[in-house]
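1. Attaching a predicted model along with its sequence, questions to come.
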Amino acid sequence: MLDISNDITRDELLDRFELIEERLNEIFMDDSFGAMKSTDYHYKDFFDRETKYILAMIGIYKSLMVNSDTKVERKYIYTEKINNVLYSNVKPQNYGESYCNPDYAEEQLGAFGPYLSYLAAEIQGLPGYIFDDKLAQVVYLLELFLQVYCLFNSEDVVTVANVEDAICSYASDYIDYFVLDSMYDRFVPQDPSAESCSVAYDIVMNEDLSDFSYLYKYGEYISDSEVKLAQYLNSLDEKEIISMAETYVQGFRRGFKTMGIPFEGKNSVWIRYHIGQERMVREAAKQFSEMGLKAIFSRCSINRTVRRGVVKQGYESTSVNKQFEFDHMNDLGIFLKSQFKDLRVQATEKAYKQLEGYLKGFAGPAVIETFGEELFSPISKESATSLSEQQQSESVEMYGTMGQIGNKYLPGDSYSFTIIAYPMPDIGEDFEAIFDETVKINTLDNDKYIRIQQSIIDTLDVADIVRIEGMNGNRTNMTVQLRHLEAPEKQTQFENCTADVNIPLGEVFTSPVLKGTNGVINVSGAYLNGYHFKDIEISFADGVVKEYNCANFLDEEDGVQKGKDYIKENILFYHDFLPLGEFAIGTNTFAYTMAQKYNILEKLPILIVEKTGPHFAVGDTCYSHMEDHAVFNPDGKEIVSRENDFSLLRDSEPDKAYFNCHTDITIPYNELGRLYTVDSKGNETDIIVNGSFVLPGTEELNKALD
């Protein structure tokens with residue numbers, strides 16, 4: 001097994017852990033509080049409350065340790081009651097007076113608020129560390145807590161710079177370990193016989209899934225939704241579970257054929273899922289094993305030195321508090337300096353090099369998304385840490401460089417992926433009906449859609465431009481420039497997308513020509529990257545984002561600027577601009593009809609909603625890092641529209657070629673007035689008019705709409 005101990009033995013870490021516990025007990029019993037006790041702020045209260053929480057977590061950890069014989073206590077830990085204790089500080093009903101809340105921290109702690117709120121948020125990650133037995137993570141974090149405590153409990157006057165330096169040192173000193181540990185979890189398959197086998201692997205493959213107390217063994221927040229989801233899947237016939245798993249697993253396998261990627265030599269698959277889906281995941285893992293792939297299960301990144309904003313990668317559960325996550329999405333701003341940026345990049349290179357042997361066998365991620373959660377529109381807080389303009393640029397540069405490193409060791413044309421989605425009970429009383437309809441949508445007839453979508457592609461391939469116009473208040477007015485095919489008998493511009501890497505089927509897509517692509521896209525409401533956007537509007541000039549706004553904050557002071565910042569943070573990811581990386585026409589009218597029937601269109605994930613109308617993706621193309629890899633449609637024609645003016649720079653100026661993001665924005669059929677092509681002679685051909693397909697060969701798509 002690869003050593004990721006950072007040159008420290010477990011015995012040494014245990015010694016440090018015991019010293020930490022001893023010191024924390026002293027703090028808990030100490031009524032005095034050094035030089036800061038007479039100020040107007042509540043530093044003692046902060047350390048008292050956080051120490052009490054930490055000691056509770058240590059007590060749980062000691063019962064969970066491998067060498068512990070307190071089995072009765074372990075059983076007690078795997079309960080709803082203890083789960084509530086783990087996350088009590090950030091539950092919405094308690095968040096108003098939690099130090100994890102930047103507003104409360106600023107009110108109680110003054111200028112130290114952002115830093116101590118960050119520390120409280122990091123401490124809130126302890127459940128994940130202790131249930132995964134990540135002793136090093138626990139020790140490093142709690143030593144930081146004690147270091148900051150000593151700064152405040154000193155006779156010397158503590159300054160903001162002192163606390164910031166302590167946090168920066170924590171982030172920098174252990175960055176090699178944090179990065180390697182995170183990547184190890186994602187790329188190294190589990191050894192079922194090892195004591196270090198992950199909690200998730202043991203749960204998925206070995207637990208009695210009819211005893212729903214297993215859900216609490218993850219240490220993640222467990223809501224009623226996870227329990228109800230597990231109960232529902234447990235009620236399904238075994239044949240249904242096998243069929244659902246086959247759709248998912250075979251979609252992954254077909255991805256290699258569709259993308260022309262060799263499968264030989266692949267031995268691992270990263271399975272990402274939602275807690276409660278274990279019955280299907282277990283069957284999928286068995287089917288993957290039959291094709292020679294070992295399952296990898298990993299928790300979403302907790303540590304904010306390696307986690308990018310609120311992006312989650314791994315198994316997950318319902319968010320205990322999305323506002324908490326939003327408040328701390330930019331905590332990187334506390335320690336993002338040139339030194340940390342360089343160290344983060346270096347650590348990434350080191351980790352990839354150490355894991356190089358495992359990467360060769362990595363087949364890719366197989367993702368099971370969920371949808372149906374309550375729409376969330378955050379509150380923007382001045383007290384929350386934000387990135388300065390310089391830090392925004394440094395962040396873009398850092399992640400861009402890391403993306404280049406990742407592609408060097410794990411090229412985009414060396415692995416595949418698949419994504420499928422199912423609803424959560426949060427979607428409402430129609431959950432079971434929606435679940436059943438989603439299963440049907442995920443298994444629509446590939447061959448039928450290939451024929452229908454080919455008729456659309458044939459029309460697009462002889463066009464010069466595509467025009468998209470909104471209706472019913474939608475302000476979309478967009479012109480998309482297409483390529484001229486040099487050899488139309490063997491070339492095509494659009495991919496005929498069926499149910500392989502993206503399930504369900506139902507779209508044709510291309511990387512448009514940027515020059516000549518102009519106009520505005522507008523949607524009344526969209527759920528993008530975990531957040532709700534109201535009346536979002538983005539304008540393009542020569543295929544590049546120029547202006548953008550939304551209506552989320554219009555009732556607040558400086559609401560227009562807050563809306564712009566919201567989009568820049570969560571769609572542009574701090575880039576000053578993004579190109580239009582993809583234009584597509586969705587054809588899954590069954591998915592759209594389901595959404596309308598149950599009034600859940602805005603709750604559908606991008607994976608499904610992108611199939612319910614034309615969509616536009618800002619960021620990289622769908623062929624990012626794969627432009628030189630030939631891809632073919634079922635009719636044998638090569639898809640030649642794989643790059644744009646930016647990705648063309650991948651060899652000469654690689655730092656300008658990619659943006660490491662891709663967000664789809666869909667115009668639903670009920671907001672789509674007209675979508676038509678115009679050829680070089682000015683001839684117009686309608687594809688969709690007033691939300692219905694009118695192009696010959698597509699009439700069957702209207703049956704679901706009717």
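-> Okay, I see it.
2. Where in this protein is the helix or strand with the lowest mean pLDDT?
-> Lowest on mean pLDDT, DSSP states H and E among the helices and strands of the chain sits helix 71-77, with a mean of 71.
3. Spell out the residue ranges of the helices in the stretch 401-550 of the chain.
-> 431-441, 446-461 (DSSP state H, counting those that start in this stretch).
4. How about residue 316: what's its closest non-neighbour residue?
-> Leaving aside its chain neighbours, residue 316 sits nearest to residue 300 (5.2 Å; criterion: C-beta to C-beta, 6 or more residues apart in numbering). For every residue, glycine as well, the C-beta is placed using N, CA and C.
5. didn't that neighbour look like it was pressed against residue 319?
-> No - in this structure, residue 300 is not within contact of residue 319 by C-beta atoms under 8 Å, at 10.5 Å.
6. Name the helix or strand for residue 583, please.
-> strand 580-586 (DSSP states H and E).
7. can you state the direction angle for that strand and helix 446-461?
-> Comparing the axes of strand 580-586 and helix 446-461 via axes from the mean of the first three to the mean of the last three C-alpha atoms, to 10 degrees yields an angle of 120 degrees.
8. ok, and what's touching strand 580-586?
-> With contact meaning C-beta atoms under 8 Å, 6 or more residues apart in numbering, strand 580-586 is reached by 456, 466, 480, 497, 506-512, 514, 517, 540, 543-545, 592, 610-622, 624, 644, 662, 664, 666, 675, 687-688.
9. and if you look at stretch 466-479?
-> Counting by C-beta under 8 Å, 6+ apart, 460, 465, 480, 482, 516-524, 537, 540, 583, 614, 616, 667, 670-678, 690-691 sit against stretch 466-479.
10. Could you report the pLDDT at the residue nearest to residue 410 when sequence neighbours are not counted?
-> The shortest distance from residue 410 to any residue other than its chain neighbours is 5.0 Å, reached at residue 359 (C-beta to C-beta, 6+ apart). At residue 359, the model reports a pLDDT of 97.
11. Next: residue 193.
-> pLDDT recorded at residue 193 is 67.
12. How about the one 4 residues further on?
-> pLDDT for residue 197: 73.
13. wait, doesn't it sit right on residue 190?
-> Yes - if you go by C-beta under 8 Å, residue 197 and residue 190 touch, sitting 5.4 Å apart.
14. Tell me which of those two has more neighbours.
-> Higher neighbour count among residue 197 and residue 190: residue 190, with 22 against 15, using other C-beta atoms under 10 Å.
15. and the residue nearest to residue 528 when sequence neighbours are not counted, which of the three is it?
-> Leaving aside its chain neighbours, residue 528 sits nearest to residue 663 (5.7 Å; criterion: C-beta to C-beta, 6+ apart). At residue 663 the chain is in strand, as set by DSSP: H, G, I helix; E, B strand; the rest coil.
16. tell me the contacts of residue 663?
-> With the criterion set at C-beta under 8 Å, 6+ apart, residue 663 makes contact with 528-529, 571, 606, 617-619.
17. Any idea which of the residues you listed the model trusts least?
-> residue 529 (87).
18. Neighbouring strands - and their directions - for the strand holding residue 583?
-> Partner strands and pairing direction for strand 580-586 (DSSP bridges) are strand 507-510 (antiparallel), strand 614-619 (antiparallel).
19. who does the following helix or strand past the longest one touch, helix- and strand-wise?
-> Pointing back at strand 614-619 there. Later in the chain than strand 614-619, the nearest helix or strand by DSSP H and E is strand 638-639. Contact here means 3 or more C-beta pairs under 8 Å, 6 or more residues apart in numbering; DSSP states H and E; on that basis strand 638-639 packs against strand 491-492.
20. Toward the C-terminus from the least confident helix or strand of the chain, list the very next helix or strand.
-> helix 80-86.
21. Neighbours of the closest residue to residue 402 other than its chain neighbours, how many?
-> Spatially, and ignoring its direct neighbours in sequence, residue 402 is nearest to residue 348 (4.9 Å; C-beta to C-beta, 6+ apart). For residue 348, the count of nearby residues is 25 (other C-beta under 10 Å).
22. now the helix or strand residue 348 falls within, how far from the chain's geometric center?
-> Using DSSP H and E, residue 348 falls within helix 338-354. Mean-position distance between helix 338-354 and its chain equals 22 Å (C-alpha atoms, centre = their mean, to the nearest Å).
23. can you pull out the strands in the stretch 201-350 of the chain?
-> 268-272, 294-296 (DSSP state E, counting those that start in this stretch).
24. Okay, strands next: where are they in the stretch 551-700 of the chain?
-> Remark: strands assigned in the stretch 551-700 of the chain by DSSP E, counting those that start in this stretch are 580-586, 614-619, 638-639, 662-666, 672-678, 684-689, 692-693.
25. My error: substitute the stretch 351-500 of the chain in the last question.
-> Read by DSSP E, counting those that start in this stretch, the stretch 351-500 of the chain holds these strands, from start to end of the chain: 362-371, 418-423, 465-470, 477-481, 491-492, 495-497.
26. Please name whichever of the ones you listed is nearest to residue 553.
-> strand 465-470 (23.2 Å; C-beta to C-beta).
27. between the closest one and strand 580-586, how many degrees?
-> Using the same axes, to 10 degrees, strand 465-470 lies at 70 degrees relative to strand 580-586.
28. Restrict strand 465-470 to CA atoms and write it as CSV.
-> Output in CSV follows, covering the C-alpha atoms of strand 465-470 (Å, rounded to 0.1, in the frame of the first residue of the first chain):
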residue,chain,number,x,y,z
ILE,A,465,-25.9,29.6,-38.6
VAL,A,466,-28.6,28.6,-36.1
ARG,A,467,-31.0,31.2,-34.6
ILE,A,468,-32.7,30.8,-31.3
GLU,A,469,-35.5,33.1,-30.1
GLY,A,470,-37.5,33.1,-26.9
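29. gap between it and the chain center?
-> Put simply, strand 465-470 sits 31 Å off its chain's centre (C-alpha atoms, centre = their mean).
30. Could you list the buried residues of the longest strand that the chain contains?
-> For the chain, the strand that runs over the most residues, judged by DSSP state E, is strand 513-528. By neighbour count on 16 or more other C-beta atoms under 10 Å, the buried set for strand 513-528 is 513-514, 517-528.
31. Give me the pLDDT value at the nearest residue to residue 506 once chain neighbours are set aside.
-> The shortest distance from residue 506 to any non-neighbouring residue, by C-beta to C-beta, 6+ apart, is to residue 588 (3.0 Å). We have a pLDDT of 96 for residue 588.
32. Got phi/psi on residue 588?
-> Taking degrees, to the nearest 10, you get phi -90, psi 80 for the backbone angles of residue 588.
33. where does the protein have low pLDDT?
-> Applying pLDDT under 70 to the chain picks out residues 1-6, 31-40, 66-73, 193-196, 309-312.
34. go again using 50 as the cut-off
-> Within the chain, the ranges that satisfy pLDDT under 50 run 1, 35, 38.
35. Please compute how far stretch 401-414 lies from its chain's middle.
-> 18 Å.
36. Kindly export that stretch (C-alpha atoms) in PDB.
-> The C-alpha trace of stretch 401-414 is given here as PDB (Å, rounded to 0.1, in the frame of the first residue of the first chain):
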ATOM      1  CA  THR A 401      -2.200  25.000 -13.900                       C
ATOM      2  CA  MET A 402      -3.500  22.100 -11.800                       C
ATOM      3  CA  GLY A 403      -5.800  21.100 -14.700                       C
ATOM      4  CA  GLN A 404      -2.800  21.000 -17.000                       C
ATOM      5  CA  ILE A 405      -0.900  18.800 -14.500                       C
ATOM      6  CA  GLY A 406      -3.900  16.500 -14.200                       C
ATOM      7  CA  ASN A 407      -4.200  16.100 -18.000                       C
ATOM      8  CA  LYS A 408      -0.500  15.300 -18.200                       C
ATOM      9  CA  TYR A 409      -0.800  12.300 -15.800                       C
ATOM     10  CA  LEU A 410      -4.500  11.400 -16.600                       C
ATOM     11  CA  PRO A 411      -5.200  12.500 -20.200                       C
ATOM     12  CA  GLY A 412      -8.800  13.100 -21.100                       C
ATOM     13  CA  ASP A 413      -8.600  10.400 -23.800                       C
ATOM     14  CA  SER A 414      -7.400   7.700 -21.400                       C
END
